[in-house]
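> please find the sequence and the predicted model below.
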Amino acid sequence: MFASLSRAARRRVLAGATALLAVCGVLAWWLMPFGSPTPSGSVTFSTGVATGVYQRYGDLLKQDLSQDLPEVSITLKESEGSQQNVQRVATGEADFTVATADAVAQYLRERRPGWERLRGCARLYDDYVQIVVRKGSPLRTVQDLRNLRVGVGQDRSGVRLIADRVLAAAGLTPDRDIVPVPAGIDTMPGLLERGELDAFFWSGGLPTQPVQTLSERFEVRLLPLDAALVDRLHDVGDSTRHYRSAVIPADAYAKAQDGLPIETLAVANLLVTTEEADDDLVEGFTRTVIGSRDRIGRLVHPAQLVDLRTAVYTEPLALHEGARRYYRSVKP
């Protein structure tokens with residue numbers, strides 16, 4: 001039919017078709033969203049025990065995420081701590097979490113369910129081991145905890161993992177040489193104050209609010225952990241190499257330290273997700289974590305230590321592609 005038209009008619013038909021295509025193209029361009037797709041949906045963030053640093057950090061981070069990712073619904077889910085957090089993300093019970101590098105390494109080493117799915121988004125701040133005792137107590141070293149009632153953290157917490165290892169490095173068998181009390185930071189300070197504990201372990205950012213509050217109303221002090229003990233910890237195996245010697249600054253808990261620094265050990269916290277997490281979502285999540293440092297840090301002091309220069313180092317986890325994309329975007 002087209003061939004039967006005159007040359008002039010054919011030119012008019014072609015011109016009309018070209019104009020129609022141009023209009024369609026402009027319309028498609030106008031309707032097409034600009035930039036990367038906006039992340040949407042619902043995610044679960046596994047935090048920690050009530051009043052702990054993870055929970056307070058999660059509460060504040062959720063506020064910033066709600067502004068930066070308005071189409072993403074964030075649900076916070078309390079947990080016993082790092083060990084449970086890693087398990088939740090690996091098995092799909094949560095989408096993001098914060099966990100200590102030693103707990104992550106242990107999960108990977110044991111090849112527990114979903115271990116191969118885990119990915120890192122950011123290295124955050126360090127946790128410091130704090131062993132709290134009454135100020136008038138005769139206790140001076142970890143070895144002195146023998147036969148005493150010791151708060152060791154809840155069973156699936158990072159505190160329990162590190163407490164068991166510190167005790168073992170000091171020559172104590174956790175379930176035989178002490179009376180272990182599986183309590184969290186929400187209850188251990190009260191138990192110590194009432195005389196129901198002789199000491200308790202905590203591993204958290206500095207200062208941890210419940211420890212600080214306890215020190216301001218009740219006379220306590222911290223037991224030191226010397227470098228030799230950290231060396232013995234490293235002899236245990238690969239998952240303990242994430243511990244390093246550290247010092248609790250003299251002003252972390254002013255009333256508990258009498259102006260003196262305390263030797264201890266530290267371990268990094270990681271923001272964790274899985275390889276299946278959407279790249280755009282992870283990129284946005286990571287951007288908010290880095291960008292919210294100062295605001296959150298005014299209320300949760302450890303968050304001030306989140307550093308863009310070190311955040312990319314999420315070992316023992318491979319970096320998620322979405323997080324990698326964020327770090328590339330801000331690389332000078």
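Cool, the structure landed. Residues are numbered from 1 along each chain as shown.

> what is the burial count for the closest residue to residue 148 other than its chain neighbours?
Sequence neighbours aside, residue 198 is the residue nearest to residue 148 in space, at 4.0 Å (criterion: Cβ to Cβ, 6 or more residues apart in numbering). The way it works is simple: take the backbone N, C-alpha and C, and place the C-beta from them, glycine included. Residues lying near residue 198 (other Cβ atoms under 10 Å) number 21.

> shouldn't residue 198 be in contact with residue 144?
No - look at residue 198 against residue 144 with Cβ atoms under 8 Å: they stay out of range, at 9.5 Å.

> what residues are up against the residue nearest to residue 148?
Contacts for residue 198 (Cβ atoms under 8 Å, 6 or more residues apart in numbering) come out as 133, 134, 137, 139, 145, 148, 149, 150, 192.

> need the three-state assignment for the last one.
For residue 192, the secondary structure call by DSSP: H, G, I helix; E, B strand; the rest coil comes out as helix.

> go ahead and confirm it touches residue 202.
No - here residue 192 does not reach residue 202: they are 10.7 Å apart, not a contact under Cβ under 8 Å.

> please say which of those two ends up with more neighbours.
Taking other Cβ under 10 Å, residue 192 and residue 202 do not tie; residue 202 has more neighbours (27 against 23).

> my guess is that one contacts residue 185. True?
Yes - using Cβ under 8 Å, residue 202 is in contact with residue 185, at 5.7 Å.

> so what sits against both of those two?
Counting by Cβ under 8 Å, 6+ apart, the common neighbours of residue 202 and residue 185 are 153, 159, 208, 211.

> out of those residues, which one has the lowest pLDDT?
On pLDDT alone, residue 208 ranks lowest of the shared contacts of residue 202 and residue 185, at 92.

> isn't that residue right up against residue 185?
Yes - counting by Cβ under 8 Å, residue 185 is a contact partner of residue 208 at 6.8 Å.

> those two - which one has more neighbours?
residue 185 (31 against 27).

> report pLDDT for that one.
Per-residue confidence (pLDDT) for residue 185: 95.

> give me the distance between it and residue 209.
Distance from residue 185 to residue 209, counting by Cβ to Cβ, to the nearest Å: 9 Å.

> what's the overlap in contacts for those two?
residue 51.

> could you pull up phi and psi at the closest residue to residue 199 other than its chain neighbours?
Of all residues not flanking residue 199 in the chain, residue 133 sits nearest, at 4.5 Å (Cβ to Cβ, 6+ apart). With angles defined as degrees, to the nearest 10, residue 133 sits at phi -130, psi 160.

> the one 3 residues further on too?
When quoted as degrees, to the nearest 10, the phi and psi of residue 136 stand at phi -80, psi 0.
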